[in-house]
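**Q** Dropping the sequence and predicted coords here.
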Amino acid sequence: MLSDQQISTVKSTIPLLESVGPSLTQHFYKRMFEHNPELKDVFNMAHQAEGTQSLALFNAIAAYAKYIDNLPMLTSAVQRIAHKHTSLDIRPAHYDIVGLHLIETLRELAGDVFTAEIEDAWVAAYGQLAQVFISVENGLYESNQAQEGGWQGPRKFKLVEKRIESELVKSLVFEPVDRKAVITYQPGQYLGIKVKPITSENLEMRQYSLSDQANGESYRISVKREAMGVPGLVSNFLHDGLRLGDEVELFAPAGDFVFKNKGKPVVAISAGVGLTPMQAILESLAEQRSEAEIHYLHACENHEQHSFKKRVKQLASKLNLTHHTWYNQDHDPEESVHHGLMDLSTITTLPLEEGDFYLCGPVGFMQFAKQQLLNLGVDSDRIHYEVFGPHQDF
């Protein structure tokens, strides 16, 4: 338990943190990887190069300092990050390493301003935060272990199926090498995967949304080839380098962006490969023979990049499902296909007053879609979303 003085001291350093900005966390990561290079097998080094991870960590530290006397404000963020950590097999020993380099970074950057009193306060504050995460993550690990087919840490799986879904997306199905059952999951959750691409110096760990209903025997992810800008190291390896029968290590399903069947109308809104958790939602509702009113709205560049197009039409014959698609480049004669950017105001049948809305896709798209929903009168607490990569809030 932090003392009032320690809390006051931490909050007094907020201007110092803001003046240093993301250079604080850039220094932190540089220092940590120099002293503990083994952690390059845990962290996504592509995010390090892009600077997104440094920015995300800085925002998290600043938020913690701001709300250190009101931790319930951070509950949702802690849950989201803890789920991500379990997909990376983060353990208490990792917190010791991070804590050491965080304090030393503050000491090195702040110089004489980093007094003994400030150091004592931040050591205590970090220890408190670490214990919060360790407790939540231990609960998640134990819950996964206790369920039928559950496990902790990495588990070996082999690739048993690989299928082209569109120009850029392939689905991959994995079964456990031990041939035992696998833990179930909720639509919207993701898998952590560990691989060693030939072109990488490190082991690589990533997360991919599960794109099918849970079956207790296997897992399916659907992965987009990242060809634009910096090529996706792992996604491209999964497309081109991983062969049928090859083994990978998977971590138990995780994620707090989950579909909750409340018996109300459901609206799934996605763009690009953001359709993967939406596909899991649709497949699960079909398996349950749901009679709920369902709307599925998707946006992509053109019909060549439209994944699961035929499957969604099949599901529409089994569900009370209305679907619309927007192609940014193509024109299509189908009545349910539109040209240009998604315009929700043109879909007059949306259950704006009672439906639950699930969003997934690039951050810019979700900001765009969420604002449209708010303008149409949808309550913000009925808008749920998932963000890929280091968390960015709307």
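**A** That came through fine. Numbering: from 1, shown residues only.

**Q** From the centre of this structure, point out the most distant residue.
**A** In the chain, the residue that sits farthest from the middle, by CA atoms, centre = their mean, is Asp112; the gap is 39.1 Å.

**Q** For it, grab phi and psi.
**A** Asp112 adopts backbone torsions of phi -70, psi -20, taken as degrees, to the nearest 10.

**Q** longest strand anywhere in this structure?
**A** Longest strand in the chain, counting residues (DSSP state E): strand 155-164.

**Q** Quick check: can you name the pairing partners of the next helix or strand after it and their directions?
**A** As assigned by DSSP states H and E, the chain's next helix or strand after strand 155-164 is strand 169-176. In the sheet, strand 169-176 lines up against strand 155-164 (antiparallel), strand 219-224 (antiparallel) (DSSP bridges).

**Q** Now the longest one: buried residues?
**A** For strand 155-164, burial by neighbour count (16 or more other CB atoms under 10 Å) applies to Arg155, Phe157, Leu159. Where you see a C-beta, it was placed from the backbone N, CA and C, and this is true even at glycine.

**Q** ok, residues contacting that strand?
**A** Contact partners of strand 155-164, identified using CB atoms under 8 Å, 6 or more residues apart in numbering, comprise 170-178, 218-219, 242-252.

**Q** Could you identify the buried members of these?
**A** 170-174, 176, 219, 242, 248-252.

**Q** Farthest-apart pair in those, please.
**A** Lys170 and Ala252 (23.0 Å; CB to CB).

**Q** Work out the gap between stretch 305-316 and the centre of the chain.
**A** Centre-to-centre, stretch 305-316 and its host chain are 24 Å apart (CA atoms, centre = their mean, to the nearest Å).

**Q** Correction: the previous question concerned stretch 9-17.
**A** For stretch 9-17, the distance to the chain centre is 30 Å (CA atoms, centre = their mean).

**Q** Give me the contact list for stretch 275-292.
**A** Applying CB under 8 Å, 6+ apart, the set of residues contacting stretch 275-292 is 187-190, 208-214, 221-222, 257, 259, 261, 263-266, 268-270, 294, 296, 298, 307-308, 311-312, 315, 318-321, 358, 360, 386.

**Q** any low-confidence regions in this protein?
**A** 228-230, 388-394 (pLDDT under 70).

**Q** per-domain residue ranges of it.
**A** 4-146, 155-254, 266-386 (automatic domain parsing).

**Q** Pull up the distance across the second one, start to finish.
**A** So the one you mean is domain 155-254. 14 Å (CA to CA, to the nearest Å).

**Q** from the chain's centre, how far out does that domain sit?
**A** The answer for domain 155-254 is 14 Å, by CA atoms, centre = their mean.

**Q** Where does Met205 sit: helix, strand or coil?
**A** Per DSSP: H, G, I helix; E, B strand; the rest coil, the secondary structure class of Met205 is strand.

**Q** Distance check, it against Leu233.
**A** 11 Å (CB to CB, to the nearest Å).

**Q** Would you state the helices of this protein in chain order?
**A** 4-12, 14-20, 23-35, 45-50, 52-66, 75-86, 92-110, 116-146, 233-240, 275-287, 309-316, 363-375 (DSSP state H).

**Q** most packed of the ones you listed?
**A** Of all these, helix 275-287 has the most neighbours on average by mean count of other CB atoms under 10 Å, namely a mean of 24.

**Q** how big is the angle separating it from strand 219-224?
**A** 140 degrees (axes from the mean of the first three to the mean of the last three CA atoms, to 10 degrees).

**Q** what's the offset of helix 275-287 from the middle of its chain?
**A** 17 Å.

**Q** Can you show me the CA trace of that helix as PDB?
**A** C-alpha atoms of helix 275-287 as PDB (Å, rounded to 0.1, in the frame of the first residue of the first chain):
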ATOM      1  CA  LEU A 275     -13.200  -9.300 -40.200                       C
ATOM      2  CA  THR A 276     -11.500 -12.300 -38.500                       C
ATOM      3  CA  PRO A 277     -13.200 -11.900 -35.000                       C
ATOM      4  CA  MET A 278     -16.400 -11.000 -36.800                       C
ATOM      5  CA  GLN A 279     -16.200 -14.300 -38.700                       C
ATOM      6  CA  ALA A 280     -15.800 -16.100 -35.400                       C
ATOM      7  CA  ILE A 281     -18.900 -14.300 -34.100                       C
ATOM      8  CA  LEU A 282     -21.000 -15.300 -37.100                       C
ATOM      9  CA  GLU A 283     -19.800 -18.900 -37.100                       C
ATOM     10  CA  SER A 284     -20.600 -19.200 -33.400                       C
ATOM     11  CA  LEU A 285     -24.100 -17.800 -33.800                       C
ATOM     12  CA  ALA A 286     -24.700 -20.200 -36.700                       C
ATOM     13  CA  GLU A 287     -23.500 -23.200 -34.500                       C
END
